[in-house]
Structures are given as structure tokens and as C-alpha cells.
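A.B. asks: one predicted model, sequence on top.
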Amino acid sequence: MNQFIKDSCGKIILDDTFESLVDCGKMLQIALTVAGDQPSSKDILVILSKFQNLVHDSTVTSHKIVNGSLQVLQVKSI
């Protein structure tokens, strides 16, 4: 399992990943602003909404993983 985690997740640079997510959100906001009242603004708004849902769901899932990990560590230390 440790090798699987190292092979699949070891190359992920968290700071860069989250910075890219923030940049993506900013770019979508800019695209929406530039689109103004154009028909494409509806599509951009849909994408932005889905992106925000993804970020929210990821935050909730990360929180659950961290809490679960902490509970396991507490049980093992007893």
C-alpha cells in the first residue's frame, strides 16, 4: 500500500495543484466578466458553477480524510 501511495501520489505537488485550482477559478471569473451579456456567458456560468461544486466537494472530502486519519491515530495511541 505504501508503495502504491508513493507511486501514485508521491509526484503530486500540493502547493502547485492548489495554486492551479485557484488560478482556474480566477480565469473562469475573468471569462465570465469579459463575456458580459454574450450568449457564451451562460456556458461559462455553468462551467464556473460546476467548478465551484468540485472545489467544495473536494474540501469536504479532504476534511473527512483528515478527520478519519486523526481518529485512527488516536485509537492506535490508546
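C.D. replies: Yep, that arrived.
A.B. asks: now residue 49: how far from residue 63?
C.D. replies: As judged by CB to CB, to the nearest Å, residue 49 and residue 63 stand 21 Å apart. For the C-beta atoms, the positions are set from N, CA and C on the backbone; glycine is no exception.
A.B. asks: actually residue 47, sorry about that
C.D. replies: For residue 47 relative to residue 63 (CB to CB), the value is 25 Å.
A.B. asks: residue 69 now?
C.D. replies: 11 Å.
A.B. asks: ok, residue 41 next?
C.D. replies: Residue 41 is 33 Å from residue 63, by CB to CB.
A.B. asks: same check, this time on residue 24
C.D. replies: Taken as CB to CB, the span from residue 24 to residue 63 is 21 Å.
A.B. asks: buried sites along the helix or strand containing residue 52?
C.D. replies: Residue 52 belongs to helix 40-77 when assigned by DSSP states H and E. Neighbour-count burial for helix 40-77 flags 41, 44, 48 (criterion: 16 or more other CB atoms under 10 Å).
A.B. asks: which residues touch the first one?
C.D. replies: It stands for residue 41. By CB atoms under 8 Å, 6 or more residues apart in numbering, the contact list for residue 41 reads 32, 35.
A.B. asks: nearest spatial neighbour of the spatially most central residue of the chain, skipping sequence neighbours?
C.D. replies: The centre of the chain sits closest to residue 55, judged by CA atoms, centre = their mean, with a distance of 4.2 Å. In space, and not counting its chain neighbours, residue 55 is closest to residue 21: 6.5 Å by CB to CB, 6 or more residues apart in numbering.
A.B. asks: now do whichever strand or helix holds that neighbour: everything it contacts.
C.D. replies: For residue 21, the host element (DSSP H and E) is helix 14-35. Residues from elsewhere that reach helix 14-35 (CB under 8 Å, 6+ apart): 41, 44, 45, 47, 48, 51, 52, 55.
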